[in-house]
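Chemist: Provide a 3D model corresponding to the input given below.
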Amino acid sequence: MGTINSHRDLVVWQKGMDLAVQVYRLASSFPPSEIYRLTAQITRAVASVPANIAEGSARGSRKDYANFLAIAKGSLMETETFLMLALRLDYLTKEKADSSLQLITEISKMLTVLRSRLLAD
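Modeler: Got it, this is the predicted structure:
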């Protein structure tokens with residue numbers, strides 16, 4: 001395992017960025033009528049995931065970091081909910097959404113483990 005010099009070295013942050021790119025691309029296919037509704041909400045939520053991981057890692061205490069990871073997880077679950085809504089509205093096919101939904105599950109597990117390790121000491 002390499003040295004962690006910044007949030008950019010964290011695999012969970014890297015995966016969060018990957019998810020953000022995927023979701024932005026998916027959202028670009030939503031109907032124009034959704035630009036200020038679902039598109040705006042899902043892109044805000046997904047961008048919040050790596051942003052909160054980065055902000056938390058820059059904080060001075062483990063408790064603050066853990067709190068920002070909890071916020072990141074909340075944004076991750078918002079993203080999942082908005083993707084599921086897009087599926088129900090037939091804005092996406094299951095095939096197009098599957099990769100992002102799998103990545104959400106993976107990131108969620110990583111955030112849970114990282115947060116529990118921060119709070120364990």
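Chemist: Can you show me the helices along the chain?
Modeler: For the chain, applying DSSP state H gives helices covering 11-27, 38-57, 62-88, 94-120.
Chemist: Can you check which of the ones you listed gets nearest to Asn5?
Modeler: Counting by CB to CB, Asn5 lies closest to helix 38-57 out of these; the figure is 10.5 Å. The way it works is simple: take the backbone N, C-alpha and C, and place the C-beta from them, glycine included.
Chemist: ok so, going back, output the helices of the chain in a markdown table; the columns should cover mean pLDDT, mean neighbour count and distance to Asn5.
Modeler: Shown next, in a markdown table, are the helices of the chain (pLDDT from 0 to 100; neighbours: other CB atoms under 10 Å; distance: least, CB to CB, whole Å):
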| stretch | mean pLDDT | mean neighbour count | distance to Asn5 |
| --- | --- | --- | --- |
| helix 11-27 | 98 | 19 | 12 |
| helix 38-57 | 97 | 21 | 10 |
| helix 62-88 | 97 | 18 | 16 |
| helix 94-120 | 97 | 15 | 17 |
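Chemist: Might you report the residue contacts of Tyr31?
Modeler: Actually, residue 31 is Pro rather than Tyr. When the contact criterion is CB atoms under 8 Å, 6 or more residues apart in numbering, the partners of Pro31 are Tyr91.
Chemist: Any idea how far stretch 83-93 is from the middle of the chain?
Modeler: A distance of 18 Å separates the centroid of the chain from that of stretch 83-93, by CA atoms, centre = their mean, to the nearest Å.
Chemist: which outside residues touch stretch 42-55?
Modeler: By CB under 8 Å, 6+ apart, the list of residues contacting stretch 42-55 from outside reads 7, 10, 12-13, 16-17, 19-20, 23-24, 27, 68-69, 71-72, 75-76, 78-79, 82-83, 86, 107, 111.
Chemist: do that again at 7 Å, thanks
Modeler: Judged by CB atoms under 7 Å, 6 or more residues apart in numbering, the contacts made with stretch 42-55 from elsewhere in the structure are 7, 10, 12-13, 16-17, 19-20, 23-24, 27, 68-69, 71-72, 75-76, 78-79, 82, 107.
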